[in-house]
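Asker: 3D, please:
(4 chains)
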2 protein chains.
Amino acid sequence: MTKQKISIEDVARRANVSITTVSRVLNNFPTVTPKNRSRVEEAIAFFKFKPNVNAQRLASGVNNSIGLVMPGYPGIFHSFYAIELIRGIGHACEGLRQDLVFHISDGNNPLNSTTVSGIIFADVIENRKQVEAAIANETPCVIINNESKDLDVSYIAIDNRLGGEMVADYLISFGHQRIATITGNLNTQSGAFRMEGFKKFLEKKNIGLPKEYIYIGDYSRRSARVGVEQFLKLEPGKRPTAIFAASDDMALEVIASMMEAGLKVPEDISVIGFDDNPACLYGPVGLTTMRQPLFKMAEDSVRLLHSLVTGKQKKKIHTILPPELVVRESCNAPRN
Amino acid sequence: MTKQKISIEDVARRANVSITTVSRVLNNFPTVTPKNRSRVEEAIAFFKFKPNVNAQRLASGVNNSIGLVMPGYPGIFHSFYAIELIRGIGHACEGLRQDLVFHISDGNNPLNSTTVSGIIFADVIENRKQVEAAIANETPCVIINNESKDLDVSYIAIDNRLGGEMVADYLISFGHQRIATITGNLNTQSGAFRMEGFKKFLEKKNIGLPKEYIYIGDYSRRSARVGVEQFLKLEPGKRPTAIFAASDDMALEVIASMMEAGLKVPEDISVIGFDDNPACLYGPVGLTTMRQPLFKMAEDSVRLLHSLVTGKQKKKIHTILPPELVVRESCNAPRN
DNA sequence: ATGAAAGCGCTAACAG
DNA sequence: CTGTTAGCGCTTTCAT
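Answerer: Prediction:
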C-alpha cells in the first residue's frame, strides 16, 4: 500500500510548473514550451513517476482497457479456438495500447463494466444475461462467433454453415456416397451450424446424411474415437468412405483410430477436419481441412470494439468471415 | 461516453440515506440497519447500479486486479506451458475475485503498475528491466518458472534440474547406455536446467552425454523432427536406444518420425517426454513423461501474489515444485 | 447507526 | 502557452 508515493504534484513542484502543465506533457499536448516540456520530463524521469491510472480514468472518463469474457467451462483453454482468440485479441490490444482485462465467467460473477471501455464476449454460452446487461448498460460489446440476431449487438463470426457446405461439396466431388460426420458440441453455434450446412448440402445433392452416419461429438478427441468405433461397427459395405470431423483435433484422432483398425487414410477412408490447427500439421498424413480465420476474427473484434468505444462507429456491425478449404492429403476418391 | 449515468448519489437519494450509507452496504459493512440496507438494495436494483470501479480504486487505494505479463515472442500461445499458466491464473483469480489484466510485452510497453495491485511475470525473458522497475516501485511481484536468485523477488518454479535427473535415472534403470536428448530452447531456464540435470546425472553414472547425442531444439515439433534425422544418420550400432525430448510435443514428433523410419517405440527405441500434456495422450503409444504441476504453479503464484499484496506475507518466497514421473508405454529395455 | 466533509490523483474548462 | 478551479465517483475519518 505504500507505493505510488509520488504524484503529479511532486513532479510539478520540481519542474516549477503547475500540475496542469505536467498533465499536458503526460498527454502529449502540443502546446507546451520546449523548455517546460524538458523540465517536466526531467522531473518525471527523476521520480520515475507513473501517473495513477485510476485517477486518469476517473477524471477523463476514458478507460483504455477492454474486457474479454470467456465461458468458464472446463477444457476451454485446451481448444485451439480459445487460444487463437486470446492470441489475436492480445495482439490487437497491444497494437491499440489497450489493456486486456481477462474475465472467466460461468454466468455468475459478471465483469463490472466500469472496469473497461467495452467488452468482447467469446461466444455467449452461459453469458446471455451478462450480454443483455451490458447492452442495457450501453457498454459497447462485440460477440465473437455467435450470430446473435435476436440481440441488438455487434457480432463477428465464422460462416460455419458455409464451411459445412464446402466440406460436403468437396467430399462429393470425389464421388463419395457414404459420408459421415463427427460433430462438435451442438450447443455451440459452430458445432450446430457446421453440421447443419453439411447436412443440407448433402441432402440437396440427394446423398443425405442418415442417422448412422452422424456421431454427436463434443470437440474432444475422446468423442472422435468413440465416433469411429461406432462407424466401424457397421457392416464393411455400409461403412462411410469419408468422414467430416468438426475439428482438426478430432480429425487427427479419427485418422489415428482408423490406422489402428488397419485402415489407410486416404486410400480406405477420406478424412477432413476443421480449423487448420498447426498443431495438427505433423501427422502421418497431411490433413485436409477448412481454415477459419480465427486470429483475424479476434483482431477484428478488438478493432470493431474500439471504434464502437471511441464513437467512430455508431451502428452495430455484423460480420461473417468465410472459411477456406486447405487441401492436403487426407481426402481421396473412394475405392472402386 | 454516456454510460455510467447513475451514481451513488442517485441511489442515496432514492433510498433516502446518505451516500456514505450506500457505500457501506456496497462494502458489506455490518453496521447498517436492516431497514436501510434493504432500501438501499432496492434502489441499487432499481437503477441496476454498478459502482464505478475507478473511483473505488482511487478512493480506497485498493485495486482488486492483478497483472500477468507474458513474453511476446511468437508461438508462445501455442505452448502447453502458456496455456496452462493462463488457465491456472485465470482460475485462481476467479476464486479470489480478482480481475486479470493480461499484458503481452516484448520488453517495451511495460504494464503501468498502477493499473494493478501486483504483477505475475510468466518467465522474465525480455522483461528483466520491467521486473526491476516493479521491484524498485515496490509493486508486489511473483516470477514464474525462473529462479531469479539475483533479483530480490518471489518466484515459484518447477524443479527442472531434478526433472532431467529423474528422466536419466529412469532410462538408466532399463539398462540403456546410448541415451540422447532433444533439448528445449536453452535460452529458457526450463530448457537449460532439464538438459543440465539430465547430463549431470548421466555423467555421474558414467554414461555421459556425448555431443552427437545432443540435439539443441527449441520446443517446436519441427526441431524434434530434425533432431531425429540427426540421430538416424549415425551408424545403426551407434544410434541411441533412448531419447529424452524436453517436451511432450517434441516427444510425439520423435515417435512419429521414428515410426516413419520403420522403427518401433518402445521396442526399437525408448522415448520419454516432459509436460504430461493431455493433448498428447492419444497417440500410437502411450507417452511416458514427466508431469509438471503447471496449473498448480499458476494458481499458487496468484495466491502468493495476493498474500504479498494484502500484506499477509511480508517476505519474498521461493518455491520449487517437483515434477513427477508418469509411466506409460513408450519406454522399455533396449534390444538384446 | 448515520451523515458531513475532506480527499484519492488526475483532467478539463476557463481565464489570463 | 500556462495556471486556477472544479469536479470525476467513491471511501474514509470524525462527529453526532
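
Asker: packing partners for the host helix or strand of A:Ala157?
Answerer: Per DSSP states H and E, A:Ala157 falls inside strand A:154-158. Applying 3 or more C-beta pairs under 8 Å, 6 or more residues apart in numbering or on different chains; DSSP states H and E, we find strand A:154-158 packed against strand A:141-144, helix A:294-310, strand A:318-321. Where C-beta positions appear, they are placed from N, C-alpha and C, glycine not excepted.

Asker: Now do whichever helix or strand comes after that strand: distance to the chain's middle.
Answerer: Using DSSP H and E, the helix or strand that follows strand A:154-158 in sequence is helix A:160-173. With C-alpha atoms, centre = their mean, to the nearest Å as the basis, helix A:160-173 stands 22 Å off its chain's centre.

Asker: Export helix A:160-173 to CSV, keeping only CA atoms.
Answerer: Extracted as CSV, the C-alpha positions of helix A:160-173 are listed here (Å, rounded to 0.1, in the frame of the first residue of the first chain):
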residue,chain,number,x,y,z
ASN,A,160,-19.8,-22.2,-40.2
ARG,A,161,-22.8,-23.2,-42.3
LEU,A,162,-20.8,-22.3,-45.4
GLY,A,163,-17.9,-24.3,-44.0
GLY,A,164,-20.1,-27.4,-43.6
GLU,A,165,-21.4,-26.9,-47.2
MET,A,166,-17.9,-26.6,-48.6
VAL,A,167,-16.8,-29.7,-46.9
ALA,A,168,-19.8,-31.7,-48.3
ASP,A,169,-19.2,-30.2,-51.7
TYR,A,170,-15.5,-31.2,-51.6
LEU,A,171,-16.2,-34.8,-50.5
ILE,A,172,-18.9,-35.2,-53.1
SER,A,173,-16.5,-34.1,-55.8
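
Asker: got the buried residues for it?
Answerer: A:Asn160, A:Arg161, A:Leu162, A:Gly163, A:Gly164, A:Glu165, A:Met166, A:Val167, A:Ala168, A:Tyr170, A:Leu171, A:Ile172 (16 or more other C-beta atoms under 10 Å in any protein chain shown).

Asker: Could you do stretch A:194-204 as well?
Answerer: A:Arg194, A:Met195, A:Glu196, A:Gly197, A:Phe198, A:Lys199, A:Phe201, A:Leu202.

Asker: Now narrow these to whatever sits close to DNA strand D.
Answerer: Filtering those for proximity to DNA strand D by C-beta under 7 Å from any atom of the strand leaves nothing.

Asker: As TSV, the residues you listed with secondary structure would be great.
Answerer: TSV is the format used below for the buried residues of stretch A:194-204 (DSSP: H, G, I helix; E, B strand; the rest coil):
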residue	secondary structure
A:Arg194	helix
A:Met195	helix
A:Glu196	helix
A:Gly197	helix
A:Phe198	helix
A:Lys199	helix
A:Phe201	helix
A:Leu202	helix
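
Asker: Take the residues you listed and lay them out in JSON lines including pLDDT.
Answerer: Formatted as JSON lines, these follow (pLDDT from 0 to 100):
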{"residue": "A:Arg194", "pLDDT": "98"}
{"residue": "A:Met195", "pLDDT": "98"}
{"residue": "A:Glu196", "pLDDT": "98"}
{"residue": "A:Gly197", "pLDDT": "98"}
{"residue": "A:Phe198", "pLDDT": "98"}
{"residue": "A:Lys199", "pLDDT": "98"}
{"residue": "A:Phe201", "pLDDT": "98"}
{"residue": "A:Leu202", "pLDDT": "98"}
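
Asker: before we move on, back to that, so for DNA strand D, which of the helices and strands packed on strand A:154-158 sits nearest?
Answerer: helix A:294-310 (16.7 Å; C-beta to the nearest atom of the strand).

Asker: mind listing what's buried in the closest one?
Answerer: A:294-295, A:297-302, A:304-309.

Asker: B:Val131: which of the residues you listed is nearest?
Answerer: Each of the buried residues of helix A:294-310 was scored against B:Val131 by C-beta to C-beta, and A:Val302 proved nearest at 27.2 Å.
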